[in-house]
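> Using only what follows, build the 3D model:
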Amino acid sequence: MTEKKKPRRTRERILETSLALFNRRGAPQVTTADIADEMNISPGNLYYHFRNKDEIVGELCATFEAHVRPLFAAPRGRAVDVEDLWLWLHLLFERMGEYRFIFRDVDELAARDAALGARLGRLLRQGVATMVELCRGMVVARTMVASEREIAALAENVVLVATYWQSFARIGRATAANADEATPARAAWQVLALIAPFLVGDARALINRLGRDYL
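As a prediction, this is how the structure comes out:
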């Protein structure tokens, strides 16, 4: 006999519905009334679980953070290579796509909630630190030639592009009929293009192959 799935709790449904609406329309454009209406529940039922929209946004951001923090760890006990970077970026952009509302309005969300802004700031800095560590690993492996100053600048540029890639792609699609979709592969390639000039030998050849295979 097939076991019946347990019905989702109202709190879980609120978060799921909110995430879908935020991703589609942007968090600033969605009200708690919109969320309740989408779920066909009363606003009072929603307020029983969340006092306001900011609490919903905060919990979704916390969930995103929990999903991406494990990615911010360089491989241990072996040399870092381009495929490590590719996989790291691809997984990161997949998660960012699932919670794209954060990066759609990141400045506004951070300004509205100082604690949330501080949390996102720490996450971005951790991303920079991870990128620095990955680049240093490739320098040690002699697949990259870059100074500490170049690595520091490159790491910040990578996180900068990653943070605002969703907005760039969305605006591009609105103004150009043949604009590329903001897929994880496309976004990862755009970031790898920043790194490619510092790579040498087989690592540089692999970057070129990845570009051909995925684009």
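
> Tell me the secondary structure of the nearest residue to Val139 once chain neighbours are set aside, please.
Of all residues not flanking Val139 in the chain, Ala146 sits nearest, at 6.2 Å (CB to CB, 6 or more residues apart in numbering). In short, each C-beta sits where N, CA and C put it, glycine included. Secondary structure assignment for Ala146 (DSSP: H, G, I helix; E, B strand; the rest coil): coil.

> Any idea how many residues pack against Ala146?
18 (other CB atoms under 10 Å).

> residues in contact with it?
Contacts here follow CB atoms under 8 Å, 6 or more residues apart in numbering; on that basis Ala146 touches Cys135, Val139, Leu154, Phe198.

> secondary structure element for the first one?
It refers to Cys135. Taking DSSP states H and E as the criterion, Cys135 maps to helix 114-140.

> before we move on, the earlier item: neighbour count added to the contacts of Ala146, as a markdown table?
Listed next are the contacts of Ala146 as a markdown table, based on neighbours: other CB atoms under 10 Å:
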| residue | neighbour count |
| --- | --- |
| Cys135 | 24 |
| Val139 | 18 |
| Leu154 | 20 |
| Phe198 | 19 |
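
> Which member of those is positioned nearest Thr31?
Leu154 (41.1 Å; CB to CB).

> which residues does the closest one contact?
By CB under 8 Å, 6+ apart, the contact set of Leu154 is Met131, Cys135, Ala146, Leu194, Ile195, Phe198.

> ok, now with 7 Å
Contacts for Leu154 (CB atoms under 7 Å, 6 or more residues apart in numbering) come out as Cys135, Ala146, Leu194, Ile195, Phe198.

> ok but it is inside a helix, no?
Yes: secondary structure of Leu154 (three-state DSSP): part of a helix.

> Need the per-residue pLDDT for it.
pLDDT, Leu154: 96.

> separation between it and Phe198?
7 Å (CB to CB, to the nearest Å).

> Just want the angle from the least confident helix or strand in the chain by mean pLDDT to helix 114-140.
Lowest on mean pLDDT, DSSP states H and E among the helices and strands of the chain sits helix 201-214, with a mean of 78. For helix 201-214 against helix 114-140, the angle by axes from the mean of the first three to the mean of the last three CA atoms, to 10 degrees is 130 degrees.
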